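Enquirer: sequence unknown, structure follows:
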């Protein structure tokens with residue numbers, strides 16, 4: 001069984017003609033179902049949270065991130081109700097789809113959860129997209145990796161994880177340790193304890209992790225996330241996994257998914273998680 005549980009419609013509108021292309025590609029790839037996990041930056045409800053959390057000063061970083069947030073085509077376009085209603089319509093027509101959301105690591109988790117609890121999700125992904133206000137996955141801002149000790153950046157990343165997953169609200173941690181995406185790779189010994197600490201926390205919170213191929217086909221590192229050193233702890237602590245492409249376009253649906261399935265099998269993981277109304281179900285790959 002193959003799935004793709006981390007997909008974004010955001011570069012088109014909520015239009016059946018546009019999204020049908022995603023399902024056609026999924027069928028070509030032999031996927032049983034797909035999960036749509038739109039970014040929170042597409043919704044009006046989260047606008048204030050982004051402006052509170054990101055660095056938006058007159059620095060190069062601040063000016064770039066301000067411009068990114070003020071893109072009217074993709075930022076804060078819809079309401080969550082519009083999104084939920086659209087996915088519900090697709091379900092009613094028989095599309096093999098799950099309703100998810102990819103939530104950024106906002107500091108004000110009380111407000112985030114107040115917003116999210118109004119809707120019936122199949123699952124929620126939380127992803128670390130910024131560290132102390134820095135969007136570290138932006139190519140334009142990758143120079144920041146060379147301005148600090150990599151181990152310290154890894155420590156800050158783990159702190160961000162601790163801040164958002166400590167009460168079990170989320171189902172999945174998105175693309176763990178994708179910090180390597182621009183080939184900024186610390187010595188294994190320097191971050192080993194951080195990797196195990198994170199795995200233990202995920203296990204404690206009964207969460208699943210995202211095996212994400214987006215870093216393989218979209219970034220210089222060309223590896224599936226999370227990388228092998230962390231996957232050893234995923235296996236050690238018996239943490240469930242999903243498979244995902246992080247597709248933003250129809251042609252990327254299911255991209256390298258078979259490779260992702262073979263990747264987890266290398267670590268002795270023979271099952272993947274699916275979700276229905278926040279209930280996790282394990283299926284054989």
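Expert: That came through fine. Fair warning: this is a prediction, and the values are worked out from it, not measured in the lab.

Enquirer: who touches the residue sitting nearest the centre point of the chain in this structure?
Expert: Central residue of the chain (C-alpha atoms, centre = their mean): residue 174, 3.4 Å from the mean position. Each residue near residue 174 by C-beta atoms under 8 Å, 6 or more residues apart in numbering is listed here: 6, 102, 125-128, 210, 212. To be clear about C-beta, it is placed using only N, CA and C from the backbone, and glycine gets the same treatment.

Enquirer: Tabulate those in a markdown table, adding columns for neighbour count, pLDDT and secondary structure.
Expert: Listed next are these as a markdown table, based on neighbours: other C-beta atoms under 10 Å; pLDDT from 0 to 100; DSSP: H, G, I helix; E, B strand; the rest coil:
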| residue | neighbour count | pLDDT | secondary structure |
| --- | --- | --- | --- |
| 6 | 27 | 98 | strand |
| 102 | 24 | 98 | strand |
| 125 | 26 | 98 | strand |
| 126 | 26 | 98 | strand |
| 127 | 27 | 98 | strand |
| 128 | 25 | 98 | coil |
| 210 | 25 | 98 | strand |
| 212 | 25 | 98 | strand |
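
Enquirer: mind listing what the closest residue to the residue nearest to the centre of the chain other than its chain neighbours touches?
Expert: Nearest in space to residue 174, with sequence neighbours left out and distances taken as C-beta to C-beta, 6 or more residues apart in numbering, is residue 127 at 3.1 Å. Each residue near residue 127 by C-beta under 8 Å, 6+ apart is listed here: 102-105, 173-175, 210.

Enquirer: Of these, which is the nearest to residue 32?
Expert: residue 210 (17.4 Å; C-beta to C-beta).

Enquirer: thought the closest one was touching residue 171?
Expert: No. In this structure, residue 210 is not within contact of residue 171 by C-beta atoms under 8 Å, at 10.2 Å.

Enquirer: what residues do the two have in common as contacts?
Expert: Joint contacts of residue 210 and residue 171 (C-beta under 8 Å, 6+ apart) are residue 125.

Enquirer: related to what we said a few turns ago, pick out whichever of the contacts of residue 174 sits closest to residue 40.
Expert: Among the contacts of residue 174, residue 102 lies closest to residue 40 (C-beta to C-beta), at 6.9 Å.

Enquirer: ok, what's across the strand from the closest one?
Expert: Here residue 102 shows beta-bridge partners residue 39, residue 125, assigned using DSSP bridges.

Enquirer: Against residue 164, how distant is it?
Expert: 12 Å (C-beta to C-beta, to the nearest Å).

Enquirer: can you pull out the helices in the stretch 151-285 of the chain?
Expert: Using DSSP state H, counting those that start in this stretch, the helices found in the stretch 151-285 of the chain span residues 188-204, 214-218, 228-236, 257-265.

Enquirer: for the stretch 1-150 of the chain, same thing?
Expert: 16-28, 47-53, 60-69, 80-92, 109-116, 150-165.

Enquirer: Which among those helices is found nearest to residue 263?
Expert: helix 16-28 (19.7 Å).

Enquirer: quick one on the thing from earlier: would you format the contacts of residue 174 as JSON lines with distance to residue 70 included?
Expert: Shown next, in JSON lines, are those (distance: C-beta to C-beta, whole Å):
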{"residue": "6", "distance to residue 70": "26"}
{"residue": "102", "distance to residue 70": "21"}
{"residue": "125", "distance to residue 70": "25"}
{"residue": "126", "distance to residue 70": "24"}
{"residue": "127", "distance to residue 70": "22"}
{"residue": "128", "distance to residue 70": "23"}
{"residue": "210", "distance to residue 70": "28"}
{"residue": "212", "distance to residue 70": "28"}
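
Enquirer: Out of those, which is nearest to residue 114?
Expert: Using C-beta to C-beta, the shortest approach to residue 114 within these belongs to residue 126, at 15.4 Å.

Enquirer: any idea how far the closest one lies from residue 274?
Expert: 18 Å.

Enquirer: Tally up the residues packed near the nearest residue in space to residue 271 that is not next to it in sequence, please.
Expert: Leaving out its chain neighbours, the residue that sits closest to residue 271 by C-beta to C-beta, 6+ apart is residue 282, at 4.5 Å. Neighbourhood size, residue 282 [other C-beta atoms under 10 Å]: 12.

Enquirer: so what's residue 282 up against?
Expert: 240, 271-274.
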